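In: Next come a sequence and a model predicted from it.
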Amino acid sequence: MAIECSYYLEPVDTTDLPRRFLDAFAAVLSHSSYAMVLDAACRVTTRCGRCTSTCPVYQASGDERDIPCMRSELLLKIYRRYFTPAGSIAARFGSAFTLDEAYINKLAEEVYRCTACRRCKLECPMGIDHGLITHLSRWVLSEVGIVPKALVVATREQLEGATHNTSAIPVAAMKDTCEFLEEDCADEHNLRISFPIDQEGAEYVFFPAVSDYLLEPDTLMGNAAVMTATGGSWTIGTGFFDGINYGLFYSDRMLDRIVSREAEEVRRLGAQKILIGECGHASRSAYYFARTFCGGKDAPEVVNFMEYTLKALQDGRLNLKRGAIEERVTYHDPCNISRAGWIIEQPREILKHICADFVEMTPNRRNNYCCGGGGGTVSIDEIREFRTMVGGATKAEQIRRTGAKYLVAPCANCKKQLREICEDHGLDDVSVVGLHDLVLKALIPPQHMIVGDSEAEDASLPEN
Amino acid sequence: MDLWIETARGPFFRVALTIMILGLGYRVAVVVLQIAAAWYRAADRRLPGADIAAATLGWLVPVRLLRSRPVYSAASFLFHVGVIVVPLFLLGHAALLAGILPRGWPTLASTLADGLTLACLAALVVLLVGRVAVKSARKLTRSQDVLILVVLLMTVLFGFLAAHPTQSPFDARAMLLFHILGGNLVLVLIPTTKIAHCVLCPFTQLLFQLGWHFPAETGRHVAVALAKEDEPL
């Protein structure tokens, strides 16, 4: 299926591009452990092709460019030629590969066809992580200015802009949104919730994907309802309130800077833990990299919201009505939280409690199929057709086979991609929702949360 | 002919075996040192030990292996069993390595050795045909991928024919000579080609997990190296 995958770039300085690419590659290799990874990949790849049987992009496109091993070879070829003694020696004995602009362009296109879902790693008998090699390729490319515009514009606003978030939401607008959600929850659900802002000394500082403030009111209301119902100690920090971390998709330097901002905000508020909302890559960026970039063992602990909710349910602090959701529900495992085995059973325990008809997609859990928008590709609108018709083709069939009405996807990026998949594949009856959207529907609130209960209102009022 | 065989089985074999042992020892030493250095530099050393162990061992057992591409997987498994077990435990080979192997080294019964060899040969043919016939495999295949299979196929075949002279249309001593030369070539290829995965596979699952455990200062040091510390995005 020959669908283009071309994305917009900001203007790229192409002066001396191959040399600058090699300088960037050398700098990265010198200050990381990536050389170990590339050495091993060069030596142990047997070109068995098992990765072809599992890559959702290759399975849909049949294009040799999408074979994970072939994609990794693009970077490995540069590595061998310029960074290994054998490569230098071999170059003197024949027509050596020479890096040029055309090759860099090819690399730039192919690494963003990959969703970095890392299904290939599970299928490789050697465990070669082609997602890691894609990740590295993208970092080196970013150092010469080759990054999809969508990712770098958002990150620039998040790190250097006035609003410090990828959706350019001013603090006042975020506060207004929270206030609106409190009112809406009271009006629509008769539930009293609150979004504490800048509370010092709370246990958790909340970092959802900031786009939730614009696009996922039910998820946020569900989050706040759980915290209010359980008396959770949490807050949103106006200094930094965006869990999104596109550094995971294109640059370890940005990954470091963004997760460090989260840790700084926790420290600023005298809080203890980072509480990530429903977002796969935001969760992974924080959970797996806070220790690396934010002080090792002194880094704040990272908790995914679904872990909090499940624990509260199991402890009896949160009451949810069994079988409250009568329609058929299925669950999409976001790659960033399930591939490594972190968040697998937690959402399922909650869903099996509140759903009357819960069905699994096949395969699932660690072997899930990517939504097709992973690796930051969902944020690149101009490649939508490639994402939904190629990368997301297998996912569409999985969804169709379940016959589900609700598709639960606890990841902001997956939600966007899955909604686009449903539109583009004619799955009009499927609603893509967050887990906490359904938790909100199933909540059995404690008295103090019920709006219009005058005793509860009196009890909750401070004494004069 | 006898002089060629003695030379091939004597000094050529010893040189080839030495290259293999030193080469593989070097490969293992390098990867162990790389892993140790990466672990030492890693700011976050928490590793999923159980997952790594399960992945490392899981691929040795043909359960996970056969879940996808079953024909190719079965051929791969039979090939690996044959090409590892027969060279190590064949009576004729054990005699050759008598000074190196421990006393009481087990050897295979001849029917079992023959069965494993024929299964290995059949598997090699399937793997070779697969590389040519399957589109994705064809695109992935490098010259070493085909050449190694051909060398192995010839070596195993010549060895079988040398061991069964009455069933072979060719001169048994010629078969033996080519088998030994082929075997010596394989020994040299082991540490210098992808066959090195035989000693690296206990480490690779760990290594690629560790690849995500960056040194704390990676981003900042790269920014300094590229003079980008104060450069706006």
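Out: Ah, there it is. Residues are numbered from 1 along each chain as shown, chains lettered A, B, ... in the order given.

In: so what's the residue lying closest to residue B:216 once chain neighbours are set aside up against?
Out: Distances taken as CB to CB, 6 or more residues apart in numbering or on different chains place residue B:43 nearest to residue B:216, at 3.7 Å, with adjacent residues excluded. Just so you know, the C-beta spots here come from the backbone N, C-alpha and C atoms, and that holds for glycine as well. For residue B:43, the contact set (CB atoms under 8 Å, 6 or more residues apart in numbering or on different chains) comprises A:291-293, A:296, B:213-216.

In: can you list those residues in CSV and add secondary structure?
Out: What follows is these, written out as CSV (DSSP: H, G, I helix; E, B strand; the rest coil):
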residue, secondary structure
A:291, helix
A:292, helix
A:293, helix
A:296, helix
B:213, coil
B:214, coil
B:215, strand
B:216, coil
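
In: top of those residues by neighbour count?
Out: residue A:293 (28 neighbours; other CB atoms under 10 Å in any protein chain shown).

In: show me the residues around that residue that make contact.
Out: A:255-256, A:259-260, A:263, A:299, B:43, B:214, B:216, B:219.

In: where's it relative to residue B:60, distance?
Out: 36 Å (CB to CB, to the nearest Å).

In: which one's the longest helix in chain B?
Out: Scanning chain B for the helix with the most residues, using DSSP state H, yields helix B:13-41.

In: Buried ones in the helix or strand following it, by neighbour count?
Out: Per DSSP states H and E, the first helix or strand lying C-terminal to helix B:13-41 is helix B:49-58. Residues B:52, B:55-56 are the ones in helix B:49-58 that count as buried (16 or more other CB atoms under 10 Å in any protein chain shown).

In: So what touches helix B:49-58?
Out: A:127, A:340-341, B:64, B:201-202, B:204-206, B:209.

In: in the longest helix of chain B, what counts as buried?
Out: So for helix B:13-41, counting by 16+ other CB under 10 Å, buried means B:13, B:16-17, B:19-20, B:23-24, B:27-28, B:31, B:34-35, B:38, B:41.

In: could you dump the lengthiest helix in chain A to PDB, C-alpha only?
Out: Counting residues, the longest helix in chain A under DSSP H turns out to be helix A:171-189. Taking C-alpha atoms only, helix A:171-189 is exported to PDB below (Å, rounded to 0.1, in the frame of the first residue of the first chain):
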ATOM      1  CA  VAL A 171      -2.300  29.000  33.500                       C
ATOM      2  CA  ALA A 172      -5.500  31.100  33.800                       C
ATOM      3  CA  ALA A 173      -7.200  29.000  31.100                       C
ATOM      4  CA  MET A 174      -6.100  25.800  32.900                       C
ATOM      5  CA  LYS A 175      -7.600  27.100  36.100                       C
ATOM      6  CA  ASP A 176     -10.800  28.100  34.300                       C
ATOM      7  CA  THR A 177     -11.000  24.600  32.800                       C
ATOM      8  CA  CYS A 178     -10.700  23.000  36.200                       C
ATOM      9  CA  GLU A 179     -13.400  25.300  37.600                       C
ATOM     10  CA  PHE A 180     -15.600  24.500  34.600                       C
ATOM     11  CA  LEU A 181     -15.100  20.800  35.100                       C
ATOM     12  CA  GLU A 182     -16.000  21.100  38.800                       C
ATOM     13  CA  GLU A 183     -19.200  22.900  37.800                       C
ATOM     14  CA  ASP A 184     -20.000  20.500  35.000                       C
ATOM     15  CA  CYS A 185     -19.500  17.500  37.200                       C
ATOM     16  CA  ALA A 186     -21.900  19.000  39.800                       C
ATOM     17  CA  ASP A 187     -24.500  19.700  37.100                       C
ATOM     18  CA  GLU A 188     -24.200  16.600  35.000                       C
ATOM     19  CA  HIS A 189     -23.200  14.000  37.500                       C
END
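
In: what packs against whichever helix or strand comes after it?
Out: As assigned by DSSP H and E, the chain's next helix or strand after helix A:171-189 is strand A:204-207. Judged by 3 or more CB pairs under 8 Å, 6 or more residues apart in numbering or on different chains; DSSP states H and E, the packing partners of strand A:204-207 are strand A:234-235, helix A:252-268, strand A:273-276.

In: Give me the nearest residue to residue A:61, chain neighbours excluded.
Out: residue A:390 (5.1 Å).

In: do residue B:117 as well
Out: Nearest residue to residue B:117, sequence neighbours excluded (CB to CB, 6+ apart): residue B:160, at 5.1 Å.

In: what's the closest of the helices and strands packed on strand A:204-207 to chain B?
Out: helix A:252-268 (3.7 Å; CB to the nearest CB).

In: Is chain B within reach of that closest one?
Out: Yes. Counting by CB under 8 Å from any CB of the partner chain, contacts between helix A:252-268 and chain B involve A:252-257.

In: Could you tell me which other helices and strands the helix or strand hosting residue A:109 packs against?
Out: Under the criterion of DSSP H and E, residue A:109 resides in helix A:101-111. Where contact means 3+ CB pairs under 8 Å, 6+ apart, helix A:101-111 is packed against helix A:17-30, helix A:68-83, helix A:130-143.

In: now it against helix A:17-30, angle please.
Out: 50 degrees (axes from the mean of the first three to the mean of the last three CA atoms, to 10 degrees).

In: Identify all contacting residues around the helix or strand just after helix A:101-111.
Out: The element immediately downstream of helix A:101-111 (helix or strand, assigned by DSSP H and E) is helix A:119-123. Contacts to helix A:119-123, defined as CB under 8 Å, 6+ apart, come from residues A:50-51, A:53-56, A:68, A:127-132, A:335, A:339, A:366-367, A:369-370, B:68, B:208.

In: on that earlier part again, include distance to chain A when you put the buried residues of helix B:13-41 into TSV, please.
Out: Shown next, in TSV, are these (distance: CB to the nearest CB, whole Å):
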residue	distance to chain A
B:13	25
B:16	20
B:17	21
B:19	16
B:20	15
B:23	12
B:24	12
B:27	7
B:28	11
B:31	7
B:34	4
B:35	7
B:38	4
B:41	6
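
In: Which of the residues you listed sits closest to residue A:448?
Out: Proximity of the buried residues of helix B:13-41 to residue A:448 (CB to CB) peaks at residue B:41, which lies at 51.0 Å.

In: which residues sit in contact with that closest one?
Out: With CB under 8 Å, 6+ apart, residue B:41 has these contacts: A:33, B:215.

In: mind redoing it with 6 Å?
Out: Counting by CB atoms under 6 Å, 6 or more residues apart in numbering or on different chains, residue B:41 touches residue B:215.

In: Give me the mean pLDDT for stretch A:125-140.
Out: In this model, stretch A:125-140 carries a mean pLDDT of 97.

In: Farthest-apart pair in the residues of helix A:252-268 next to chain B, please.
Out: A:252 and A:257, at 9.8 Å, using CB to CB across those.
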